[in-house]
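> below: sequence and its predicted model.
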Amino acid sequence: MKIDLDKCKGCGICEEVCPLGIITIEGRKVHIGNDCVECKTCMKVCPQNVLSPEMADDKPVCSACPIMCRIPEGAFGACMRYFNEKGAIIRKGRVHTYEEVELLVGSTDDLIINKPLITGIGSGTTYPDFRPSPFIVSGIREGIDIITVVTEAPLSYSGMKLKADTDLFMGQEAGKIYVKRKGKRHVGHLCTEEYGSKMLSLGGVNILTSKDGLFAAKVIFELLKGKKVKFEIEDGAVVEIALGKAPKVNGVSEERMRVGCGSATSGLFAPYMSDAADEVIVLDGHITALFSEHPSGKYLKKTRSCISVKGIKSTDGRYFLDKGSGWGGTDIENPLDVIKEIDKSKCFDGMTLLITETTGQRVAFYTVKKGKFVEGDLAPEARRFIEVLKDSCQPSSVSAVFAAGVGGSARAGVTKNPIKLTRAVHEGKVTITIGGAKPFIFPGGGINFMVDVAKIKYGSIYFSPTPSFVIPVEYTMTFETFKEIGGHIEAIKPVKEVLKAIKNE
Ligand code: SF4
Ligand code: SF4
């Protein structure tokens, strides 16, 4: 790349996005190391127009994707898949057999086409797909001719949906999600809250193609690599997220995923709650429960206590409270503040009150003395209930699905009739697997899917600075279906031949 050093302000934005990590800022000026492949990622983000391509004709061009890296000898392209070996551009990393990932993704043997003959991991790509996919293999399974077409599809219209198990308040729905990367970068938004967890959406085509797109893609890629990422939610919390680990919200690590809302907790543990105290309140951002009024308390003939609670009453014993950073994801910071009124005619000295979050993480136990609630140690029955409650909660974790579509030109590597492939996928005649794992295919138009990233072989998703994610895809079907959908019959190779070649690599 050509550098106009006079214009450079040394801001380091280019350093942040270089996929090869070869940019440094020295003496407040940009410095590009050897092995630059002219992917132009740095050029796209530089606010000062410091950088321009140099077109080094002596380096071969990688034509696997539209980035067209010019790769020096002994170096990788920007996607870290293609390599210049003595002047030839080759795909580094070998093709995997399905058997190599079967234990990870789980066997899918109910339909013969559920299991690919080979995976797309390491197969290479032909984006945009104007030629047949790199491997179209045939084999015989249960006496039937099966075809698997494998490719690594660059999916620019993709994103990640995260599920963070926590009741802790992150922000309001639709709140923007930012990361601090040489400036505040918009990388996603908070989604609707689902049962027991917060949902976050990262990326998607509008964000990936925005000025912050390369930063959003980098963040998603960091998560896929198992790194911890710190997010700031608009008008909300600072959240630290790593896949497979407990989420941290404003520095608080969530230990447990709640067993259910306050009402569900009352239903599940009513016999324990009945013994735990004269009144039990389960504080929860979805439904806060008042046990002596709740149907489960009534069923056990619990005497209605003197306490009424705040919030909008849904039905008996169930209340909607405002959300916030207080107990159970409500705005209640001091548990006694949940009490709206006390019926003095029913209140008596010695009356006990237990207030808990649905996870049992924060708990308070009170006894009425001279008309006042005085906090003390948990009574044995209350401790028993809290232990049962805690034991019923799973460890908190962050999980993720990768959401994308393999419509568009990604179908051209399989067939000359794309709509026939789409229809065959929806009719169940073609099975799609992602790195061997079976995704959920959305009903309706296109071939849009969601796949559990924990099931795909670790490290088999790559990043290309178009920006897009390069993901292994396998299409498996009978030979008859392949013919019907106008598949590239001329490109079929026997799977045995391909497997032999892989083993010899
Ligand atoms: S982004 Fe541009 S101005 Fe900032 S350090 Fe890089 S080259 Fe210099
Ligand atoms: S062109 Fe690509 S590889 Fe070269 S310095 Fe810029 S971002 Fe890095």
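All right, it came through fine. Ligands and ions are numbered 1, 2, ... in the order given.
> list the residues that contact the residue nearest the centre of the chain.
By CA atoms, centre = their mean, the chain has its centre lying nearest to residue 400, at 2.6 Å. Residue 400 sits next to 160-163, 223, 243, 452-454 when contact means CB atoms under 8 Å, 6 or more residues apart in numbering. C-beta coordinates here come from the backbone N, C-alpha and C atoms, glycine included.
> what's the closest non-adjacent residue to residue 481?
Distances taken as CB to CB, 6 or more residues apart in numbering place residue 429 nearest to residue 481, at 4.8 Å, with adjacent residues excluded.
> and stretch 193-200, what's buried?
With burial defined by 16 or more other CB atoms under 10 Å, the residues of stretch 193-200 counted as buried are 193, 196-200.
> residues contacting the spatially closest residue to residue 434 that is not a sequence neighbour?
Closest residue in space to residue 434, ignoring its immediate chain neighbours: residue 451 at 4.5 Å, by CB to CB, 6+ apart. Contacts of residue 451 were listed using CB under 8 Å, 6+ apart, and they are 401-402, 434, 437-440.
> same thing but 10 Å
Counting by CB atoms under 10 Å, 6 or more residues apart in numbering, residue 451 touches 105, 400-404, 432-435, 437-441, 471.
> ligand 2 contacts on the stretch 301-450 of the chain?
Residues of the stretch 301-450 of the chain that fall close to ligand 2, judged by CB under 6 Å from any ligand atom: none.
> helix, strand or coil for the residue in the stretch 201-350 of the chain that ligand 1 sits nearest to?
Nearest residue of the stretch 201-350 of the chain to ligand 1: residue 214, at 11.9 Å (CB to the nearest ligand atom). Following DSSP: H, G, I helix; E, B strand; the rest coil, the label given to residue 214 is helix.
> wait, it touches residue 182, no?
No - the criterion here is CB atoms under 10 Å, and residue 214 misses it with residue 182 at 11.3 Å.
> tell me, what's touching these two both at once?
By CB under 10 Å, 6+ apart, residue 214 and residue 182 have these common neighbours: 13, 16-17, 45.
> which parts of the stretch 351-500 of the chain are strands?
Counting by DSSP state E, counting those that start in this stretch, the stretch 351-500 of the chain has these strands, from start to end: 352-357, 363-369, 372-376, 398-405, 431-434, 440-441, 448-452, 462-464, 468-478, 492-494.
> need those in JSON lines with distance to residue 70 and mean pLDDT, can you?
Converted to JSON lines, those look like this (distance: least, CB to CB, whole Å; pLDDT from 0 to 100):
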{"stretch": "strand 352-357", "distance to residue 70": "57", "mean pLDDT": "98"}
{"stretch": "strand 363-369", "distance to residue 70": "63", "mean pLDDT": "98"}
{"stretch": "strand 372-376", "distance to residue 70": "70", "mean pLDDT": "96"}
{"stretch": "strand 398-405", "distance to residue 70": "28", "mean pLDDT": "93"}
{"stretch": "strand 431-434", "distance to residue 70": "31", "mean pLDDT": "93"}
{"stretch": "strand 440-441", "distance to residue 70": "38", "mean pLDDT": "94"}
{"stretch": "strand 448-452", "distance to residue 70": "33", "mean pLDDT": "94"}
{"stretch": "strand 462-464", "distance to residue 70": "15", "mean pLDDT": "87"}
{"stretch": "strand 468-478", "distance to residue 70": "19", "mean pLDDT": "92"}
{"stretch": "strand 492-494", "distance to residue 70": "31", "mean pLDDT": "96"}
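> now do the helices in this structure.
13-17, 41-45, 98-105, 205-208, 213-224, 262-276, 295-299, 380-392, 418-426, 479-484, 495-504 (DSSP state H).
> output the ones you listed as CSV; include the columns mean pLDDT.
CSV is the format used below for the helices of the chain (pLDDT from 0 to 100):
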stretch, mean pLDDT
helix 13-17, 94
helix 41-45, 93
helix 98-105, 79
helix 205-208, 92
helix 213-224, 94
helix 262-276, 96
helix 295-299, 97
helix 380-392, 97
helix 418-426, 94
helix 479-484, 97
helix 495-504, 84
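> save those helices as TSV, and put in mean neighbour count too.
Shown next, in TSV, are those (neighbours: other CB atoms under 10 Å):
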stretch	mean neighbour count
helix 13-17	20
helix 41-45	20
helix 98-105	16
helix 205-208	18
helix 213-224	23
helix 262-276	22
helix 295-299	17
helix 380-392	17
helix 418-426	19
helix 479-484	18
helix 495-504	14
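> redo these as CSV? Include distance to residue 335.
Listed next are these as CSV, based on distance: least, CB to CB, whole Å:
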stretch, distance to residue 335
helix 13-17, 44
helix 41-45, 48
helix 98-105, 45
helix 205-208, 39
helix 213-224, 35
helix 262-276, 13
helix 295-299, 19
helix 380-392, 14
helix 418-426, 51
helix 479-484, 61
helix 495-504, 62
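> close to ligand 2: what parts of this structure are there?
Neighbours of ligand 2 within the chain, by CB under 6 Å from any ligand atom: 1, 18, 20, 22-23, 32, 36-42, 78.
> neighbours around residue 395, how many?
Using other CB atoms under 10 Å, residue 395 has 11 other residues around it.
> contacting residues for it?
165, 245-246, 254-257.
> what's the answer for residue 221, then?
19, 160, 227, 461-463, 467, 469.
> run the last query once more with 8 Å
461, 463, 469.
> repeat that for residue 210.
186, 216.
> again with the one 4 residues further on
With contacts defined as CB under 8 Å, 6+ apart, residue 214 is in contact with 17, 41, 44-45, 465, 467.
> could you do residue 476 as well?
113-117, 146-149, 430-431, 433.
> please apply the same query to residue 27.
residue 10.
> residue 244 now?
When the contact criterion is CB under 8 Å, 6+ apart, the partners of residue 244 are 226, 397-399, 454.
> kindly indicate which of these lies nearest ligand 2.
Distance to ligand 2, by CB to the nearest ligand atom, is smallest for residue 226 among the contacts of residue 244, at 23.3 Å.
> wait, that closest one touches residue 241, no?
No - judged on CB atoms under 8 Å, residue 226 makes no contact with residue 241 at a distance of 11.4 Å.
> in the stretch 51-200 of the chain, what residue is nearest ligand 1?
Closest to ligand 1 within the stretch 51-200 of the chain is residue 51: 5.6 Å, counting by CB to the nearest ligand atom.
> ok, that residue to residue 348 distance?
Separation of residue 51 from residue 348 (CB to CB, to the nearest Å) stands at 78 Å.
> counting neighbours, go ahead and name the busier of these two.
Per other CB under 10 Å, whichever of residue 51 and residue 348 has more neighbours is residue 51, with 24 against 11.
> the more buried one against residue 17, yeah?
No - using CB under 8 Å, residue 51 is not in contact with residue 17; the gap is 11.6 Å.
> now do the shared contacts for these two.
With CB under 8 Å, 6+ apart as the test, residue 51 and residue 17 both reach residue 42.
> contacts for the lowest-mean-pLDDT helix or strand in the chain?
One helix or strand of the chain scores below all others by mean pLDDT, DSSP states H and E: helix 98-105, with a mean of 79. For helix 98-105, contacts defined as CB under 8 Å, 6+ apart pick out 115-119, 121, 433, 435-438, 455-457.
> that helix vs strand 448-452, what angle?
Counting by axes from the mean of the first three to the mean of the last three CA atoms, to 10 degrees, helix 98-105 lies at 70 degrees to strand 448-452.
> kindly export helix 98-105 (C-alpha atoms) in CSV.
Presented in CSV, the C-alpha positions along helix 98-105 are these (Å, rounded to 0.1, in the frame of the first residue of the first chain):
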residue,chain,number,x,y,z
TYR,A,98,-17.7,-36.2,8.1
GLU,A,99,-16.5,-38.9,10.5
GLU,A,100,-14.0,-36.4,11.8
VAL,A,101,-16.7,-34.1,13.1
GLU,A,102,-19.5,-36.6,13.7
LEU,A,103,-18.8,-36.9,17.4
LEU,A,104,-18.9,-33.2,17.8
VAL,A,105,-22.1,-32.5,15.8
